[in-house]
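K.L.:
Build me a model:
(chains A and B)
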Amino acid sequence: MINIPKGTKDVLPYESYKWHYIENIVREITQKYGFLEIRTPTFEHTELFLRGVGETTDIVNKEMYTFIDKGNRSITLKPEGTAGVARSFVENGLSENPQPMKMYYITPVFRYERPQAGRLREHHQFGVELYGSDSPYADVEVISVAKNLFNALGITELELNINSIGCPVCRAEYNKALKEYLKEHIDGMCATCKERLDKNPLRILDCKEERCKAVNVNAPRVIDYLCDDCKQHHESVKSILTSLGIQFKVNPNIVRGLDYYTKTVFEFVSTSIGAQGTVCGGGRYNNLVKEVGGKPTPAVGFGMGIERLLMVLEALNLGVGAPEIPSVYIAPLSSDQMLDAYKLVAELRSKNVSADTDIMGRSLKAQMKYAGKRGYAYVVVLGENEINEGKAKIKIMATGEEVAVELNKLAEEISRR
RNA sequence: GUGGGUAUAGUUCAGGUGGCUAGAAUGCCAGAUUGUGGCUCUGGAGGUCGUGGGUUCAAGUCCCACUACUCACCCCA
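P.N.:
Down below sits the predicted model:
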């Protein structure tokens, strides 16, 4: 037997409705906010992610699905959603559309990692991108989409953490201070942190090792080194959120693992789905568009893991919609009525009534069992008498009661109920 | 890349100290005097016991290796 590749998942026929439930709510909310869907390819030139995501990041260093295609091009399956959107924005001159550009996507993303609870090699992200505004209101707009989505799904337990990692100017200043501090304490820290000291000291703050945590407690914090512009931006974001009643916690240790972030970074975290609790992560990335070859354009956005979102819904026992079942089942009494039943079903379908019939050649009893198990709301038995008289009975499965109906009015009768 | 746990029907699991054709529940299919589901009853299909070695008269059961799954680290959605 050939089995499924490691870290991937099938969405099976009896659970796909849960995905539809989430996707429908996503489209409802983005529509309300005026975001338009953008669809970019599943793979891009590797170069895009090297430039966009950053060469020192773990994602680029060890987690990308990269291969050489038959034309000798280096191709990579997208490890996140933002870089492709930035590429498309530049390539299609979207900066010449009315600004801001508000876009969203739902896409598979691929990372070569060891799978565990809440972590797959292929997972799906819903993401939002807002291009063209450097205002703190844009940050809030984006956070608000996520917040609203959670509300619509009935999720209230997620904690919003926010931080600011500054712009290149103040970050350089801060990096210097941080490095100096860390150099004095590096001997007591773990091996990976020692390596990170030169390449990306910011990441050290995120280390989970006890001895490193101990050092980090007293480390200089980015927030204290923000330049006036970044500081003001951060303060504004916080005060607007507060005014809107969106609760948050400032967490000086959140440092996103992608290099393109500037100023605001945030995440929504769950405590009920295991170690991988980040359901939504995002922030501002004012340098990304320039980095991939466009003119400098401020941008904010987030990515949200749909599988993790489903895990939260399940853990909290929240509704996830219902299986989609046709409403009426036409049961031919014997194989003599199969064609008539099939014609009737065709007519119902053409009149926008979802209908089904026997294609197994089964006994009436077996058909009734099947209809009961699948959950059809109505069953109509079609025998010789019904066909000759043009009349039948609609059996209401939930109660067992039967109501008479003329066959040529069946569609109207079903849609009326 | 590093650690821990687990591997027996489609699914969830039983199978002390090795011993006759490997079980249950559930699901699936069929039937219970031939025009009606959900309850009940009967029957049926379905397993190279993860794979490969080894010990033994005999291995699902003991030993070794491999693989897969899983949780955690790392990192992230």
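K.L.:
and the helix or strand containing A:Tyr181, what does it pack onto?
P.N.:
Assessed by DSSP states H and E, A:Tyr181 sits inside helix A:168-185. Under the contact criterion of 3 or more CB pairs under 8 Å, 6 or more residues apart in numbering; DSSP states H and E, helix A:168-185 touches helix A:191-199. (C-beta placed from N, C-alpha, C; glycine too.)
K.L.:
And the average pLDDT for the helix it packs on is what?
P.N.:
For helix A:191-199, the per-residue pLDDT values average out at 69.
K.L.:
same deal with stretch A:164-183?
P.N.:
Averaging the model's pLDDT scores along stretch A:164-183 yields 85.
K.L.:
Repeat that for stretch A:100-119.
P.N.:
Here stretch A:100-119 scores 96 as its mean pLDDT.
K.L.:
and the helix holding A:Tyr181, how far out from the chain's middle?
P.N.:
For helix A:168-185, the distance between its averaged C-alpha position and the chain's averaged C-alpha position is 35 Å (CA atoms, centre = their mean, to the nearest Å).
K.L.:
ok, now stretch A:400-408?
P.N.:
Put simply, stretch A:400-408 sits 44 Å off its chain's centre (CA atoms, centre = their mean).
K.L.:
Likewise for stretch A:350-360?
P.N.:
Between the centre of stretch A:350-360 and the centre of its host chain there is 33 Å, according to CA atoms, centre = their mean.
K.L.:
so does the helix holding A:Tyr181 get close to RNA strand B?
P.N.:
No. Figure legend: helix A:168-185 not in contact with RNA strand B (CB under 7 Å from any atom of the strand); closest approach 14.1 Å.
K.L.:
can you pull the buried residues of that helix?
P.N.:
Applying a neighbour-count criterion of 16 or more other CB atoms under 10 Å, the buried positions in helix A:168-185 are A:Cys170, A:Arg171, A:Tyr174, A:Asn175, A:Ala177, A:Leu178, A:Lys179, A:Tyr181, A:Leu182, A:His185.
K.L.:
Name the surrounding residues that touch it.
P.N.:
Residues outside helix A:168-185 that contact it (CB atoms under 8 Å, 6 or more residues apart in numbering) are A:165-166, A:189, A:197, A:201-202, A:204, A:215, A:218-220, A:222, A:225-227, A:230, A:262, A:287.
K.L.:
Alpha carbons of that helix, in CSV - could you do that?
P.N.:
Once non-C-alpha atoms are left out, helix A:168-185 reads as follows in CSV (Å, rounded to 0.1, in the frame of the first residue of the first chain):
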residue,chain,number,x,y,z
PRO,A,168,16.0,49.2,10.6
VAL,A,169,17.3,52.4,12.1
CYS,A,170,16.3,51.7,15.7
ARG,A,171,16.8,48.0,15.4
ALA,A,172,20.5,48.6,14.5
GLU,A,173,20.8,50.6,17.6
TYR,A,174,19.1,48.0,19.7
ASN,A,175,21.1,45.1,18.1
LYS,A,176,24.3,46.8,19.2
ALA,A,177,23.1,47.1,22.8
LEU,A,178,21.7,43.6,22.8
LYS,A,179,24.9,42.1,21.5
GLU,A,180,27.0,43.9,24.0
TYR,A,181,24.8,42.6,26.8
LEU,A,182,24.8,39.1,25.4
LYS,A,183,28.5,38.9,24.9
GLU,A,184,29.0,39.3,28.6
HIS,A,185,26.7,36.4,29.3
